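A.B. asks: got a structure for you, letters missing:
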């Protein structure tokens, strides 16, 4: 998501090419973040986007994305901070939870909140990644009946509860809207595993709708090999055939 945001923030990409950009951003992110066994092959990605684009074009787009990002892939995201907070319970993120709230339950809640924050642009444009991560931890603790924030978390993050409260409230509001309830007690009854599945399903539904739109637009254009890159850059240079950019 962050790679796509950075690319689309600097390059005007036609809607019919957004699917290609998104798929290749996933590939780049997987190669950088995941173990090799979990990285999708180019063939698998090609099959996933219903053969709209050739594997060769996907390779070229991957290189174009890396070029646009200047090969700077080490961006810190909310997911990195959340993982840091929860791994080995650093800085007491899991301290003083109710006895019936196990570590796995807490982690699943955190992943649900993190997933929801990725689906709403407001968290990207309004808050720093560290604030979003802290809000996710606070929301998780709130859902499990513990105090949202502790002195140890404040000392570790540099944030007081007042600094993250606005973001935390937004996280909880998105959670309630997603699961169609404004009743706090009813929302608390949602099992984390079920909530995670529903959050993922919502993301898939949104993604499929966008994929269908992009696919329909792409299929109306016969694929052609791009012209040789020009000094404008890979996206703009390929804009004449509607593949990587609109051109200038």
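C.D. replies: Good, I have the coordinates. Computed from a predicted structure; not experimentally measured. Numbering: from 1, shown residues only.
A.B. asks: gap between residue 23 and residue 52?
C.D. replies: 9 Å (Cβ to Cβ, to the nearest Å). Backbone N, C-alpha and C define where each C-beta goes, glycine included.
A.B. asks: also residue 112?
C.D. replies: Counting by Cβ to Cβ - residue 112 and residue 52 are separated by 32 Å.
A.B. asks: could you check which of the two is surrounded by more residues?
C.D. replies: When residue 112 and residue 52 are compared for neighbours, residue 112 comes out ahead with 28 against 20, by other Cβ atoms under 10 Å.
A.B. asks: what strand or helix carries that one?
C.D. replies: Element membership for residue 112 (DSSP states H and E) is helix 103-118.
A.B. asks: pLDDT weak spots in the chain?
C.D. replies: 46, 48-51, 87-92, 94-102, 180-248 (pLDDT under 70).
A.B. asks: so what's residue 140 up against?
C.D. replies: 93, 106, 109-110, 113 (Cβ atoms under 8 Å, 6 or more residues apart in numbering).
A.B. asks: all the helices of this structure, residue numbers only.
C.D. replies: For the chain, the helices defined by DSSP state H cover 2-10, 18-33, 42-48, 55-68, 78-86, 103-118, 121-126, 129-143, 151-157, 161-178, 184-188, 192-219, 234-237.
A.B. asks: deepest of those helices, which one?
C.D. replies: Each of those was scored by mean neighbour count; the highest is helix 129-143, a mean of 26, by mean count of other Cβ atoms under 10 Å.
A.B. asks: got the angle for that helix vs helix 2-10?
C.D. replies: 130 degrees (axes from the mean of the first three to the mean of the last three Cα atoms, to 10 degrees).
A.B. asks: can you list phi and psi of residue 127 for me?
C.D. replies: Note on residue 127: backbone dihedrals following degrees, to the nearest 10 are phi -130, psi 150.
A.B. asks: and the residue nearest to it when sequence neighbours are not counted, what is it in contact with?
C.D. replies: Residue nearest to residue 127 in three dimensions, not counting chain neighbours: residue 167, with 4.9 Å by Cβ to Cβ, 6 or more residues apart in numbering. Taking Cβ under 8 Å, 6+ apart, we find residue 167 in contact with 123, 126-127, 131-132, 134-135.
A.B. asks: redo that, cut-off 10 Å
C.D. replies: 117, 122-123, 126-128, 131-136, 138-139, 159 (Cβ atoms under 10 Å, 6 or more residues apart in numbering).
A.B. asks: now do residue 137
C.D. replies: Contacts of residue 137 by Cβ under 10 Å, 6+ apart are 81-82, 85-86, 91-94, 106, 109-110, 113-114, 148-150, 153, 157, 164, 168.
A.B. asks: how near is it to residue 80?
C.D. replies: Distance, residue 137 to residue 80, using Cβ to Cβ: 13 Å.
A.B. asks: repeat for residue 125
C.D. replies: As judged by Cβ to Cβ, residue 125 and residue 80 stand 19 Å apart.
A.B. asks: and what of residue 28?
C.D. replies: From residue 28 to residue 80 the distance is 16 Å (Cβ to Cβ).
A.B. asks: residue 178 against residue 112, yeah?
C.D. replies: Yes: in this structure residue 178 lies within contact range of residue 112 using Cβ atoms under 10 Å: 8.9 Å.
A.B. asks: how does the chain divide up, domain by domain?
C.D. replies: 2-74+206-239, 78-190 (automatic domain parsing).
A.B. asks: out of everything not next to it in sequence, what's closest to residue 75?
C.D. replies: Leaving out its chain neighbours, the residue that sits closest to residue 75 by Cβ to Cβ, 6+ apart is residue 2, at 5.4 Å.
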